[in-house]
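1. sequence and predicted structure below; questions after.
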Protein chains: 2
Amino acid sequence: MSKTCKAVVFDAYGTLFDVHSVVTLADGLFPGRGAELSRLWRAKQLEYTWLRSLMGSYADFAAVTRAALEFACAALNLPLGPETADNLMAAYDKLALFPDARNALAALSGLKLAILSNGSRTMLDPLVRNAKLNSVLTAVISVDEVRIYKPDPRVYRLAPNSLDVAKEETAFVSSNYWDAAGAKNFGFRVFWINRAGVEPDRLENAPDIVLTGLTGLAGHLV
Amino acid sequence: MSKTCKAVVFDAYGTLFDVHSVVTLADGLFPGRGAELSRLWRAKQLEYTWLRSLMGSYADFAAVTRAALEFACAALNLPLGPETADNLMAAYDKLALFPDARNALAALSGLKLAILSNGSRTMLDPLVRNAKLNSVLTAVISVDEVRIYKPDPRVYRLAPNSLDVAKEETAFVSSNYWDAAGAKNFGFRVFWINRAGVEPDRLENAPDIVLTGLTGLAGHLV
């Protein structure tokens, strides 16, 4: 029914890498308010990527992430000095892989593997290096190359171009439903990793397969 | 310093029209949960407009608003039958003008006045008719004409084209900061109506003037 899979492309934040350590740090800095701050920070981070993409006023993900942090702290009346901001931003460079990620990648080792992320190069490079993924990945692709964010199709187009595969031969893996929908809209075979059992968004372009983690991935692809 | 103002273009939902009656109805249908439902419904409504615009998969605002309602109820474990959904959607057609809107419009009567809204024609027509604004407005413009949502510049372009004025001669009025930023990015003279005293978003293209309501508008424009 579907073509042979030659490449698997992963979203980074929340899919391969666990952002929970940022929540923990935020709660250490603002006791009892970490979860609330992290939620608003993340919501604004995404909102700003979409708004800037539509306005044609791209700023890289580090700038957008910091702006969203500043908004979230101001809106929640949390005092954010430059040092606290730096600490929270630095946590993004040291995120841990999800426990199931390394084995899932190893099980796919016959295929071309890549990351396609909103993250800018200066955010992705330390992340991949710290996790020792350089030898595992064929490519680490940032939206920065096209200066627009997911789910614009020009972003997803970067992966088949960079890996020299057809989009029909490419699997895309994301824990963000809207990212999975964008990837499906582009034409990938799409896996939505719904770790937390959240409600799917009411958008078109539903993912092909829903998994609760990365472990089952190879069974569908190898 | 700035050119003479010849036209004033208003956002509809939350700017001229008060959406609070929807919150009240939601709380009547789901006692104690109305505010929470309305917040998530509104957040998802906007999110879907941005995502669909970026994916190039436009659906009109009635469809997007209904999809967002269905998501919000499912995510909050609130039972939503078709009749309840119809009731909540119908509330959007009967929104009241803010108390300061009619006088503010009257004070600007020498200028071309218009609405530029995400709302589809079938949502905007009853709204304007119920509020008896037809004779006051030169144009009621829907994004439906270009099948993409705010803050894409193609949306704002509709207003000067439709009113036959230059964008530099056009004032734009919105209570949504991101909409004000999009309008400023396009090139209008922009008023942000910050009724609730919320935090401005950390985006570029700050509005020219911030007001707490519509009353002071004419003092800046006539």
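-> Cool, the structure landed.
2. so where do the strands sit in chain A?
-> A:7-10, A:17-18, A:96-97, A:112-117, A:139-142, A:170-174, A:189-193, A:209-211 (DSSP state E).
3. how about these in CSV, adding distance to residue B:190, mean neighbour count and mean pLDDT?
-> Bear in mind the C-beta positions are built from the backbone N, C-alpha and C, glycine included. Formatted as CSV, the strands of chain A follow (distance: least, CB to CB, whole Å; neighbours: other CB atoms under 10 Å in any protein chain shown; pLDDT from 0 to 100):
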stretch, distance to residue B:190, mean neighbour count, mean pLDDT
strand A:7-10, 40, 26, 98
strand A:17-18, 38, 22, 95
strand A:96-97, 43, 16, 94
strand A:112-117, 33, 24, 98
strand A:139-142, 32, 20, 98
strand A:170-174, 35, 27, 98
strand A:189-193, 39, 25, 98
strand A:209-211, 43, 16, 98
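4. dump those strands to TSV, plus distance to residue B:15.
-> Converted to TSV, the strands of chain A look like this (distance: least, CB to CB, whole Å):
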stretch	distance to residue B:15
strand A:7-10	41
strand A:17-18	40
strand A:96-97	45
strand A:112-117	36
strand A:139-142	37
strand A:170-174	35
strand A:189-193	36
strand A:209-211	39
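5. count of residues packed around residue A:77?
-> For residue A:77, the neighbour count with other CB atoms under 10 Å in any protein chain shown is 8.
6. how near is it to residue A:30?
-> 10 Å (CB to CB, to the nearest Å).
7. circling back: export the strands of chain A to JSON lines and tack on distance to chain B?
-> Below are the strands of chain A laid out as JSON lines (distance: least, CB to the nearest CB, whole Å):
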{"stretch": "strand A:7-10", "distance to chain B": "17"}
{"stretch": "strand A:17-18", "distance to chain B": "22"}
{"stretch": "strand A:96-97", "distance to chain B": "28"}
{"stretch": "strand A:112-117", "distance to chain B": "15"}
{"stretch": "strand A:139-142", "distance to chain B": "17"}
{"stretch": "strand A:170-174", "distance to chain B": "13"}
{"stretch": "strand A:189-193", "distance to chain B": "13"}
{"stretch": "strand A:209-211", "distance to chain B": "15"}
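8. get me the contact residues on chain A for chain B.
-> Residues of chain A lying near chain B by CB under 8 Å from any CB of the partner chain: A:43-44, A:47-48, A:50-57, A:59, A:67-68, A:70-71, A:74-75, A:149-153, A:178, A:181-182, A:185, A:198-199, A:201-205.
9. emit the ChimeraX select command for whichever of those are buried.
-> One line in ChimeraX is enough to select the buried ones among those; burial here means 16 or more other CB atoms under 10 Å in any protein chain shown:
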select /A:44,47,48,50,51,52,53,54,55,57,59,67,68,70,71,75,149,150,151,152,153,178,181,182,185,201,202,203,205
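10. take the residues of chain A next to chain B and keep only those in helices.
-> A:43-44, A:47-48, A:50-55, A:67-68, A:70-71, A:74-75, A:153, A:178, A:181-182, A:185 (DSSP state H).
11. so where is chain A shaky, pLDDT-wise?
-> A:1-3 (pLDDT under 70).
12. outline the domain layout of it.
-> As given by automatic domain parsing, the domain ranges for chain A are A:7-16+A:98-221, A:19-93.
13. Provide a list of residues in contact with residue A:49.
-> Taking CB atoms under 8 Å, 6 or more residues apart in numbering or on different chains, we find residue A:49 in contact with A:61, A:64, A:118, A:149-150.
14. burial count for the residue lying closest to residue A:66 once chain neighbours are set aside?
-> Spatially, and ignoring its direct neighbours in sequence, residue A:66 is nearest to residue A:89 (5.9 Å; CB to CB, 6 or more residues apart in numbering or on different chains). Neighbourhood size, residue A:89 [other CB under 10 Å]: 15.
15. residue A:215 now?
-> By the criterion of other CB under 10 Å, residue A:215 has 14 neighbours.
16. in contact with it, which residues?
-> Contacts of residue A:215 by CB under 8 Å, 6+ apart are A:100, A:103-104.
17. tell me which of those fall in helices.
-> A:103-104.
18. in the contacts of residue A:215, which residue is surrounded by the most others?
-> Neighbour tally across the contacts of residue A:215 (other CB under 10 Å): the maximum, 23 neighbours, falls on residue A:104.
19. hang on, it packs against residue A:221?
-> No. Taking contacts as CB atoms under 8 Å, residue A:104 lies outside contact range of residue A:221: 10.2 Å.
20. which residues does stretch A:63-72 contact?
-> A:37, A:40-42, A:44-45, A:47-49, A:52, A:59, A:78, A:80, A:85, A:88-89, A:92, A:123, B:199, B:201-203.
21. next one: that stretch to chain centre, how far?
-> Relative to the chain's own centre, stretch A:63-72 is displaced by 17 Å; criterion: CA atoms, centre = their mean, to the nearest Å.
22. cool, and stretch A:31-41?
-> That offset, for stretch A:31-41, works out to 20 Å (CA atoms, centre = their mean).
23. any buried residues in it, and which?
-> Buried residues in stretch A:31-41, counted by 16+ other CB under 10 Å: A:34, A:36-38, A:40-41.
24. tabulate those residues (CSV), appending distance to residue B:111.
-> Shown next, in CSV, are the buried residues of stretch A:31-41 (distance: CB to CB, whole Å):
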residue, distance to residue B:111
A:34, 49
A:36, 43
A:37, 43
A:38, 45
A:40, 38
A:41, 41
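25. so which of those residues is the closest to chain B?
-> The closest of the buried residues of stretch A:31-41 to chain B turns out to be residue A:40 (CB to the nearest CB; 10.4 Å).
26. and the nearest residue to the closest one once chain neighbours are set aside, how many residues sit next to it?
-> What sits nearest to residue A:40 in space, not counting adjacent residues and going by CB to CB, 6+ apart, is residue A:72, at 4.2 Å. Neighbour count of residue A:72, defined by other CB under 10 Å: 24.
27. what about stretch A:141-148, start to end distance?
-> Start to finish, the residues bounding stretch A:141-148 are 13 Å apart (CA to CA, to the nearest Å).
28. just the buried positions in it, please.
-> Within stretch A:141-148, judged by 16+ other CB under 10 Å, the buried ones are A:141-144, A:148.
29. next: stretch A:83-98.
-> A:84, A:88, A:91-93, A:95, A:97-98.
30. just the ones of the residues you listed in helices?
-> A:84, A:88, A:91.
31. go ahead and confirm the first one touches residue A:28.
-> No. Proximity of residue A:84 to residue A:28 does not meet the contact threshold set by CB under 8 Å, at 10.6 Å.
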